[in-house]
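Engineer: give the three-dimensional model of this entry:
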Amino acid sequence: MSIVSVARPARDCAPRLADIDAERASYHVEVPERFNAVLDIVEAWAAEDPDALAVLSVDGAGAIVAQQSAADLARASREVARALLELGVDKGDHVFVMLPRIPGWYAALLGAIRIGAIPMPGPNLLTAKDIAYRFAQTGATAAITDAAGTEKVDAAVPGLATRLCVGDSPHGWVSLAERCRAVGDGETPTDPTGCDDPMLLYFTSGTVSYPKMVQHSQSYALGHIGTARFWHDLRPGDLHWTITDTGWAKAAWGGLFGQMHERAAILNVALGVPDANTIFGILAQYRVSSFCAPPTLYRRLVHGDFSKYDLSALRHCTSAGEPLNPEVIREWQRGTGGLTVYDGYGQTETTCLVANYRSMEVRPGSMGRPVPGYDITVVDDDEQPVQSGTVGNIVVRCEPERPVGLFPGYHNDPVATAGRFRGPFYYTGDRAAIDDDGYFWFEGREDDVITSSAYRIGPFEVESVLVEHPAVIEAAVVGKQDPERTEIVTAFCILAEGHTGSDELARELQEFVKRSTAPYKYPREIHFVEELPKTISGKIRRSQLRAALRADSTG
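Structural biologist: Below is the predicted model:
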């Protein structure tokens, strides 16, 4: 199979979503009662067009690692499914998966989902402490990782019975490739799951607790039809590239079932530190037609030299996480010959909820309009619609019918679930206004989750690590606005008696956090204070700390 021979839609082809209002009125996803995402999407594609390119994996320099057709992908899922069953992993078991952007990630996830096991993707920067928390909360029975992750898993879960390694396997670990060769291709359960059975579990950052567990059902795969068809504007023959860590839900948005359902191939790049030349080179070399990256990366890319690369195959560009600066949008249009970056909005708990589309006027700074399949509005705290231009709570209507793609609730956490599902609505925790034309305008989160370089970081997690250090008796963590990273993690620390704030202590605390939790969470800025602003009930007023940072930066 040669990727050069794949015919891709031209840049000037008509958008998939020609009339958003007409599509919203007619769009409906039929979800069968018995449904399995791998059998009903991947295997169906393999039966329909076995030689179609499904996943193209390349290394950080852009060299091809593997080309997997639809038939290849289906076969890989069968082999891993059979290997897991032989090792005692069964329907309903949680499987921790921590792998980089390699073909094995697809095999691991699809093999587990195929038999009704529930993969738990984790970012590759997780520490042993992070991993131990995930196992403790879910009772996971197996882990699949690469050689770099085995030491962390062993430290987190000593004596774990089922340990599978992709690549060179250390002592005590089973080689996934060898086990797949031993069991071979063959039969797997023919009717393993219903549409409401769990399929995938993600951890999402919180503000006053450790990460919550978002467990999606099998029908979640069909919810991403809207993500791929309307926001990514995909069609058969496209090659789509979303830049994200495999441990985040964004990997499901841009690299799993939505693209496969639409018969678009996925570019899977083991990207190192991203730079414009590498990314432009890959876009040009593989004739990528649809590209999605976080705003922080677009801000870097517009400083690159577009003129060195042929980006004529690139038809559609998307971004999520926050609105892009108008000047970045203008520079991207100039460099790519007129391409607009279309913002999209959603959560780990959902598929794409609100987006901008090629058929619709883009208003810089706006989130866009709701994706077909979702009824989304803005209400006040009494669940009443607000007037045009008034900021309120972004909510998703769940009655009389829950939209396909919305999670059923937080796993093993009825209190957190009840806090989000109130009356006929799911409360996103985000605030916005709607203008007279139905465009949404993001205002901010109602909580204190920090968004930094596309990572979402709960302040509680960082605060908990800081107070473990003997020099710190209390800490508060907030996000400080930053032009490159959106926000940087910023800590305010009250020191224990006998300790004095200094640059040396700040560096020591930063290294302490890096060793204790995922390094991307460490505070890039630390302030030593005598007291922290609090409410009467003793809760930290993080909003007051953020305001002080803003005043300091402008004063």
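Engineer: pop the domain breakdown of this protein in here.
Structural biologist: Recorded structural domains for the chain (assignment: automatic domain parsing) are 70-218, 450-554.
Engineer: what residues are up against the nearest residue to residue 251 once chain neighbours are set aside?
Structural biologist: Once flanking residues are discounted, residue 251 sits nearest to residue 244: 5.2 Å by C-beta to C-beta, 6 or more residues apart in numbering. Just so you know, the C-beta spots here come from the backbone N, C-alpha and C atoms, and that holds for glycine as well. For residue 244, the contacting residues are 250, 251, 253, 254, 255, 294, 454, by C-beta atoms under 8 Å, 6 or more residues apart in numbering.
Engineer: got the contact list for stretch 223-230?
Structural biologist: By C-beta under 8 Å, 6+ apart, the residues outside stretch 223-230 that reach it are 16-17, 23, 27, 29, 234, 240, 252-254, 256-259, 261-262, 264, 344, 346, 350-352, 355, 357, 371-374, 403-406.
Engineer: buried among the residues you listed? Make that a PyMOL selection.
Structural biologist: To isolate the buried members of those in PyMOL, using 16 or more other C-beta atoms under 10 Å:
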select buried, resi 16+17+23+27+234+240+252+253+254+256+257+258+259+261+262+264+344+346+350+351+352+355+357+371+372+373+374+403+404+405+406
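Engineer: list the ones among the contacts of stretch 223-230 that fall in strands.
Structural biologist: Per DSSP state E, strands hold the following members of those: 240, 344, 346, 352, 355.
Engineer: could you single out the nearest of those residues to residue 161?
Structural biologist: Using C-beta to C-beta, residue 346 comes nearest to residue 161 of the ones in strands among the contacts of stretch 223-230, at 36.4 Å.
Engineer: wait, the closest one sits on residue 353?
Structural biologist: Yes: Residue 346 lies in contact with residue 353 (C-beta atoms under 8 Å); the separation is 4.5 Å.
Engineer: quick one: low-confidence residue ranges for the stretch 351-500 of the chain.
Structural biologist: Applying pLDDT under 70 to the stretch 351-500 of the chain flags residues 444-447.
Engineer: which parts of it are helices?
Structural biologist: 414-420, 459-466 (DSSP state H, counting those that start in this stretch).
Engineer: please identify the most buried of the ones you listed.
Structural biologist: Of all the helices of the stretch 351-500 of the chain, helix 459-466 carries the top mean neighbour count, a mean of 23, counting by mean count of other C-beta atoms under 10 Å.
Engineer: which strands and helices sit next to that one?
Structural biologist: The helices and strands touching helix 459-466, judged by 3 or more C-beta pairs under 8 Å, 6 or more residues apart in numbering; DSSP states H and E, are strand 472-482, strand 486-495, helix 503-516.
Engineer: how about the ones you listed, which one is nearest residue 432?
Structural biologist: strand 486-495 (17.2 Å).
Engineer: what angle separates the closest one from helix 459-466?
Structural biologist: Angle of strand 486-495 versus helix 459-466, following axes from the mean of the first three to the mean of the last three C-alpha atoms, to 10 degrees, is 40 degrees.
Engineer: list the contacts of residue 489.
Structural biologist: Residues near residue 489 by C-beta under 8 Å, 6+ apart: 450, 452, 457, 462, 477, 479, 521, 522, 523, 524, 525.
Engineer: rewinding a little: now, the contacts of residue 244 that are in helices?
Structural biologist: Among the contacts of residue 244, DSSP state H puts 250, 251, 253, 254, 255 in helices.
Engineer: shouldn't the third one be in contact with residue 353?
Structural biologist: Right, the one you point to is residue 253. No: the criterion here is C-beta under 8 Å, and residue 253 misses it with residue 353 at 11.2 Å.
Engineer: got any residues that touch both of those two?
Structural biologist: With C-beta under 8 Å, 6+ apart as the test, residue 253 and residue 353 both reach residue 346.
Engineer: minimum distance to residue 144: which of the helices of the stretch 351-500 of the chain has it?
Structural biologist: Nearest of the helices of the stretch 351-500 of the chain (C-beta to C-beta): helix 459-466, 24.3 Å.
Engineer: what about residue 295, neighbour count?
Structural biologist: Residue 295: 21 surrounding residues under other C-beta atoms under 10 Å.
Engineer: do you know how far it is from residue 57?
Structural biologist: 26 Å (C-beta to C-beta, to the nearest Å).
Engineer: next: residue 306.
Structural biologist: For residue 306, the distance to residue 57 - C-beta to C-beta - is 26 Å.
Engineer: so, low pLDDT: which residues of the stretch 1-150 of the chain?
Structural biologist: By pLDDT under 70, the low-scoring segments of the stretch 1-150 of the chain are 1-7.
Engineer: dump the contacts of residue 489 into a markdown table; add distance to residue 212 as well.
Structural biologist: Shown next, in a markdown table, are the contacts of residue 489 (distance: C-beta to C-beta, whole Å):
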| residue | distance to residue 212 |
| --- | --- |
| 450 | 16 |
| 452 | 19 |
| 457 | 14 |
| 462 | 16 |
| 477 | 18 |
| 479 | 19 |
| 521 | 16 |
| 522 | 22 |
| 523 | 22 |
| 524 | 25 |
| 525 | 27 |
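Engineer: just among these, which is most surrounded?
Structural biologist: Using other C-beta under 10 Å as the neighbour test, the contacts of residue 489 are led by residue 477, with 29 neighbours.
Engineer: tell me who's in contact with the residue nearest to that residue when sequence neighbours are not counted.
Structural biologist: Nearest residue to residue 477 in three dimensions, chain neighbours excluded: residue 459, at 3.9 Å (C-beta to C-beta, 6+ apart). Residue 459 makes contact with 207, 448, 449, 450, 476, 477, 478, 542, according to C-beta under 8 Å, 6+ apart.
Engineer: so what's the second one up against?
Structural biologist: Yep, that's residue 448 we're talking about. Residues near residue 448 by C-beta under 8 Å, 6+ apart: 207, 459, 478, 479, 542, 543.
Engineer: hmm, what's the outermost residue in the protein?
Structural biologist: Note on the chain: the largest C-alpha distance from the chain mean falls to residue 498, namely 43.0 Å (C-alpha atoms, centre = their mean).
Engineer: check what pLDDT residue 296 gets.
Structural biologist: Residue 296 carries a pLDDT score of 77 in this model.
Engineer: my read: it touches residue 485, true?
Structural biologist: Yes: Residue 296 is within contact range of residue 485, at 5.8 Å (criterion: C-beta under 8 Å).
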